[in-house]
Structures are given as C-alpha cells and as structure tokens.
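Q: test case, fold it:
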Amino acid sequence: MTTHKEDNQSGVDVDLFGNRISWGYSENDGLITFYIKGEEITCWSIEIEPELAVIDFMKTWNLAQKSVPSK
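A: Purely as a prediction, here's the structure:
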C-alpha cells in the first residue's frame, strides 16, 4: 500500500511487517527523509523523482527487515 500527496512531496508506505513508513521530500535541499512513528529513520540526497527513491528505499528496508532473525 502506498499513498502519496498530489504534489509528490510526501507520502506513506507500509513495509512487509505492517509498519507505516512516512516520507517527506524537500525540493530545496534535494533530500528525502523517512520516518516511523514520527521518528527519523534516514535521510537521503536524491537526484531522481521522490517516488522512485521511495521504491528503492522500501526494497532495501524490506530486505533488511527480512534478514533480522526472529527472537
């Protein structure tokens, strides 16, 4: 599930575990910042469309989440 504002400056995605990942893009800085529950996860400098950066981030994030062993 992915939701994006019409201006493509922010949105929300859901990872494989149901965590809501929100993001915001600052065109002035060229930075996209990702959050869980309002807490910053990471900030990327991007030179592509924000939605493409979100796709790249979610692929990486989901792969990392799958690699964490269950307790």
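Q: per-residue pLDDT, Val14?
A: For Val14, the pLDDT comes out at 94.
Q: Glu6 now?
A: Per-residue confidence (pLDDT) for Glu6: 53.
Q: what are the buried residues along the host helix or strand of Asp13?
A: According to DSSP states H and E, Asp13 maps onto strand 10-14. Using 16 or more other CB atoms under 10 Å as the test for burial, strand 10-14 gives Ser10, Gly11, Asp13. For the C-beta atoms, the positions are set from N, CA and C on the backbone; glycine is no exception.
Q: pairing partners for Asp13 in the sheet, please.
A: Asp13 has these beta-bridge partners by DSSP bridges: Thr2, Ile21.
Q: I'd assumed Trp23 was in contact with it.
A: Yes: using CB atoms under 8 Å, Asp13 is in contact with Trp23, at 7.3 Å.
Q: pull up the overlap in contacts between those two.
A: Residues touching both Asp13 and Trp23 (CB atoms under 8 Å, 6 or more residues apart in numbering): Val54.
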